[in-house]
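Undergrad: Next comes the sequence, and after it the predicted model I'd like to discuss.
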Amino acid sequence: MKQRAAALIICALLMFQLTVPPAGAAKTVYFLATSNEVHPLSDQTMPFWSGGYLYIPASIFTGNVRRYFGVSYSYNPSSQTAVLYNGVGDHSLIFYLNENYTLDREGNISYPGGILRNGIPFVPAFLVAKYFNFSYSVTEVKYGYLVWLRLPGFGLTDKEFADAATYNMVRRYDAYLKESTQQADEAPDTPSTPNTASGKRIYLCLEADDNTSAMLDALDRYDMQAAFFCTPEFLKDHGDLLRRMAATGQAVGILADAENGDQSVEEQLRAGNQALELATCGKTRLAMVKNGDDAAAQAARAAGFRCLEADLDRSEYDLRGTSNASALMQKISARRGDVTVWLGDTVSLAGLRAFLTAAQDADRRCLALTETV
């Protein structure tokens with residue numbers, strides 16, 4: 001049975017093998033493959049060696065790769081940490097990109113740490129493979145080397161897979177050469193004038209509630225992000241949603257209520273971060289204090305949090321359809337520069353979709369608010 005499965009894999013990889021296109025000469029490259037897929041070549045994401053360790057981009061653990069290995073990825077630029085974790089969060093590796101060590105969920109220290117390169121976190125392949133129990137190998141091939149990650153018992157040897165993947169590697173290599181040539185040809189001789197009328201960044205901030213999962217679906221569909229401010233109770237009860245937010249680039253903030261008779265603002269923020277760390281191995285410094293005065297906000301700042309200061313507070317205005325979305329976009333367009341918008345809990349799924357469509361049509365990007373924006 002295993003031989004038959006291996007034969008089927010080889011047949012799939014050898015498809016159109018006889019029509020391999022020619023490729024020109026260039027530098028030695030490192031191909032990256034997961035399961036039976038050879039990924040596109042890019043100088044930004046190409047594996048590399050450092051200090052005797054092979055590094056791979058942590059960002060590979062998204063989409064199909066995340067589903068295949070059961071490992072997700074999140075990156076916090078503010079704290080300079082990248083996290084790889086399994087679906088339920090009971091196995092996690094925290095890579096400190098400005099340090100030379102890595103922590104697992106149990107607090108054990110391993111070496112080395114991660115490396116930030118081209119704005120992308122890279123992690124040591126051997127450490128990830130050992131911790132999450134999958135295999136990797138490096139095989140010399142035409143034009144360079146093939147780095148192959150797969151689950152145990154895949155059914156092919158390193159050489160068999162490399163031979164079967166020849167066509168795909170040559171195709172990726174040709175695309176890489178073509179893109180490199182185009183980038184060189186298109187490099188401007190003089191600085192271009194930026195277009196200030198388009199590309200404005202919008203930082204949507206919402207209160208997490210029962211519709212959050214559907215909101216995340218909509219944001220994923222439009223390839224946009226937002227910040228979700230969550231009560232400590234929400235953070236405690238919705239670990240799966242928090243891990244999804246972290247893996248898809250959404251931001252998480254803590255929503256504290258100054259009128260809470262059981263806990264102070266500081267206690268709510270502390271409890272929220274404890275729940276967030278338990279779910280994602282990460283913390284946040286973003287906070288929103290409801291029903292509070294300047295003293296409540298100052299208490300949050302004294303505890304090390306950055307309180308939300310929205311350019312537009314739309315928490316008393318509904319965003320539930322096309323007309324509401326158009327009105328909000330007009331308000332945003334009337335302001336100069338990037339805009340932070342606090343929507344609170346007044347957003348419906350239809351309203352968010354309508355606004356994302358309007359933002360897309362106006363060439364505006366909805367991004368996740370960070371602790372430094």
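TA: Perfect, I can see it now.

Undergrad: quick one: the strands in the stretch 1-150 of the chain?
TA: Assignment of strands within the stretch 1-150 of the chain using DSSP state E, counting those that start in this stretch yields the ranges 29-34, 37-38, 48-50, 53-57, 71-76, 81-86, 92-96, 102-104, 109-110, 115-117, 120-124, 135-141, 144-150.

Undergrad: Phi first, then psi, for the nearest residue to Asn76 once chain neighbours are set aside.
TA: Nearest residue to Asn76 in three dimensions, chain neighbours excluded: Gly282, at 5.6 Å (Cβ to Cβ, 6 or more residues apart in numbering). Just so you know, the C-beta spots here come from the backbone N, C-alpha and C atoms, and that holds for glycine as well. Backbone dihedrals for Gly282, given as degrees, to the nearest 10, come out at phi -140, psi 160.

Undergrad: thought Gly282 was touching Pro77?
TA: No: at 11.6 Å, Gly282 does not count as touching Pro77 under the criterion of Cβ atoms under 8 Å.

Undergrad: In terms of neighbours, single out the busier of those two.
TA: Gly282 (23 against 14; other Cβ atoms under 10 Å).

Undergrad: Can you list the buried residues in stretch 123-133?
TA: 123-125, 127-129, 131-132 (16 or more other Cβ atoms under 10 Å).

Undergrad: meant to ask about stretch 222-232, not that
TA: 224-232.

Undergrad: Just the ones of these in helices?
TA: Pro232 (DSSP state H).

Undergrad: Tell me which helix or strand comes right after the longest helix belonging to the chain.
TA: Of all segments of type helix in the chain, defined using DSSP H, the longest is helix 166-186. Later in the chain than helix 166-186, the nearest helix or strand by DSSP states H and E is strand 201-207.

Undergrad: can you pull the buried residues of that following strand?
TA: 202-207.

Undergrad: Same question for stretch 206-218.
TA: 206-208, 212, 215-216, 218.

Undergrad: any idea which of those residues is closest to Gly63?
TA: Leu216 (15.1 Å; Cβ to Cβ).

Undergrad: That closest one is in contact with Leu242, isn't it?
TA: No: the pair Leu216 / Leu242 is not scored as a contact, 10.8 Å apart, by Cβ under 8 Å.

Undergrad: Tell me where this structure is predicted with low confidence.
TA: 1-27, 78, 87-90, 183-199, 372-373 (pLDDT under 70).

Undergrad: got the domain boundaries for it?
TA: 2-180, 201-366 (automatic domain parsing).

Undergrad: Pick the most buried one from the ones you listed.
TA: domain 201-366 (a mean of 18; mean count of other Cβ atoms under 10 Å).

Undergrad: ok, which stretches of the stretch 251-373 of the chain are strands?
TA: 251-257, 286-290, 306-307, 312-313, 339-344, 365-366.

Undergrad: and Gln298, which of those is closest to it?
TA: Comparing these by Cβ to Cβ, strand 306-307 comes nearest, at 8.8 Å.

Undergrad: Quick one: list the elements packing against that closest one.
TA: Strand 306-307 is packed against strand 286-290, helix 294-302, with contacts defined by 3 or more Cβ pairs under 8 Å, 6 or more residues apart in numbering; DSSP states H and E.

Undergrad: hmm, back to that, and the buried residues of stretch 222-232 as TSV, adding distance to Asp318?
TA: TSV is the format used below for the buried residues of stretch 222-232 (distance: Cβ to Cβ, whole Å):
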residue	distance to Asp318
Met224	20
Gln225	22
Ala226	17
Ala227	20
Phe228	19
Phe229	18
Cys230	21
Thr231	21
Pro232	27
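
Undergrad: Restricted to strands, list the buried residues of stretch 222-232.
TA: Members of the buried residues of stretch 222-232 lying in strands (criterion: DSSP state E): 227-230.
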